[in-house]
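Peer 1: Take a look and give me a structure for this.
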Amino acid sequence: MRLDQIFAPGRASISFEFFPPKTDEGWTSLYQTIDKLKPLDPSYVSVTYGAGGSTRAKTVELAGRIQNDIGINVLAHLTCVGHTADEITGIVQQLAAQNVDNVLALRGDPPGGGVWTRTPGGFEHADQLVAHIRSVSKSFVACAGFPEGHPQCLNLRRDLEHLKGKVDAGAGAIVTQLFFDNADFLRFRDDCRHIGMTVPIVAGIMPITNVQQIKRFVTMCGARIPNRLLTKLESLEGNPDDVYRAGIEYAANQCRDLLFHGVDGLHFYTLNKSPATVDIVQRLRA
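Peer 2: Numbering: from 1, shown residues only. Presented below is the predicted three-dimensional model:
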């Protein structure tokens, strides 16, 4: 099912992100995670795409199995990195053959964190990828947004203009990078609406369950942990259970506030694990 048939005014979607594992044990663990999350009745789940297309085949395989065997709508990630336009067309066709009708179009990061270089015959920016997918398929296309600005674009206004370019090219929804201060998201949403973007804007949520791990993530993606939250988590770092409880409580309160402010959807970055997401969604529904 296309996501434009799922998003509805006044009803927030709930969705989860998974990534293709690298080991047999990882695949077993992932399917156990999906089994535990499916009863939460997610609107859809997303499947990531490794740097340089490194998990291309596994992304298509996992997306197809979740869509057809497990019965959950899938949003498959697709990046510009390492692909020509013809190769992109082929991947979209492979996804369509698996009944996957939704694609999250991303520029993507170069393998090994090097300098971004356009693949000859490929695309330089995500708006071009969005336009291409729309031209060769009937897939619903979503794009990424950055409430605190893309880490490689220091001008927030310019970053917003880049996002509008993706929407103007045909993206029907925005899924945001993770963030921890709702004021950043609400400002971002207001700015999007102010310049004419009316598509659903889904908030990216990552529960903090490990202090060192989240520090690495925010360093890579340019997100900010509020000082008060970081100080509290660091004070609890010697007790993993206390960190988990504090992180879940913060994320649940963050989600409640977003729902109060009419968010279009909540997208949980699960890291292929279920307990934190289960705890938060059950608290919200209670």
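Peer 1: Backbone dihedrals for the residue lying farthest from the centre of the chain, please?
Peer 2: Most distant from the centre of the chain: residue 238, at 30.2 Å, with distances by CA atoms, centre = their mean. The phi and psi torsions at residue 238 (degrees, to the nearest 10) take the values phi -70, psi -10.
Peer 1: Now the host helix or strand of residue 162: buried residues?
Peer 2: Assigned by DSSP states H and E, residue 162 belongs to helix 156-168. For helix 156-168, a neighbour-count test (16 or more other CB atoms under 10 Å) marks 156, 159, 160, 162, 163, 164, 165, 166, 167 as buried. Backbone N, C-alpha and C define where each C-beta goes, glycine included.
Peer 1: ok, how many other residues are close to residue 7?
Peer 2: When neighbours are defined as other CB atoms under 10 Å, residue 7 has 20 of them.
Peer 1: which non-adjacent residue is nearest it?
Peer 2: residue 200 (4.5 Å; CB to CB, 6 or more residues apart in numbering).
Peer 1: Tabulate the buried residues of helix 156-168 (TSV), appending distance to residue 177 and pLDDT.
Peer 2: Conversion of these to TSV gives the following (distance: CB to CB, whole Å; pLDDT from 0 to 100):
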residue	distance to residue 177	pLDDT
156	13	81
159	11	89
160	14	95
162	14	94
163	11	97
164	17	97
165	17	97
166	14	98
167	16	98
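Peer 1: Next one: the residue farthest from the centre of the chain relative to residue 220, how far apart?
Peer 2: 25 Å (CB to CB, to the nearest Å).
Peer 1: now residue 107
Peer 2: Residue 107 is 15 Å from residue 220, by CB to CB.
Peer 1: just residue 189 next, same as before
Peer 2: From residue 189 to residue 220 the distance is 24 Å (CB to CB).
Peer 1: Between the two, which has more neighbouring residues?
Peer 2: It is residue 189, of residue 189 and residue 220, that has more neighbours when counted by other CB under 10 Å, with 22 against 11.
Peer 1: you'd agree that one is up against residue 200?
Peer 2: No - the pair residue 189 and residue 200 fails to qualify as a contact (CB atoms under 8 Å) at a distance of 10.4 Å.
Peer 1: could you list every residue that touches residue 30?
Peer 2: By CB atoms under 8 Å, 6 or more residues apart in numbering, residue 30 lies in contact with 18, 21, 62, 272.
Peer 1: ugh, wrong one, I meant residue 179
Peer 2: Per CB under 8 Å, 6+ apart, neighbours of residue 179: 147, 148, 185, 203, 204, 223, 224.
Peer 1: Compare the residues you listed and tell me which is most surrounded.
Peer 2: residue 203 (29 neighbours).
Peer 1: tell me which element it is part of?
Peer 2: strand 201-205.
Peer 1: And that strand, what does it pack against?
Peer 2: Packing contacts for strand 201-205, counted by 3 or more CB pairs under 8 Å, 6 or more residues apart in numbering; DSSP states H and E, involve strand 173-178, helix 182-194, helix 240-260, strand 265-269.
Peer 1: I figured residue 252 hits residue 282, correct?
Peer 2: No - with contact defined as CB under 8 Å, residue 252 and residue 282 do not form a contacting pair (9.3 Å).
Peer 1: More neighbours: which of those two?
Peer 2: Taking other CB under 10 Å, residue 252 and residue 282 do not tie; residue 252 has more neighbours (20 against 11).
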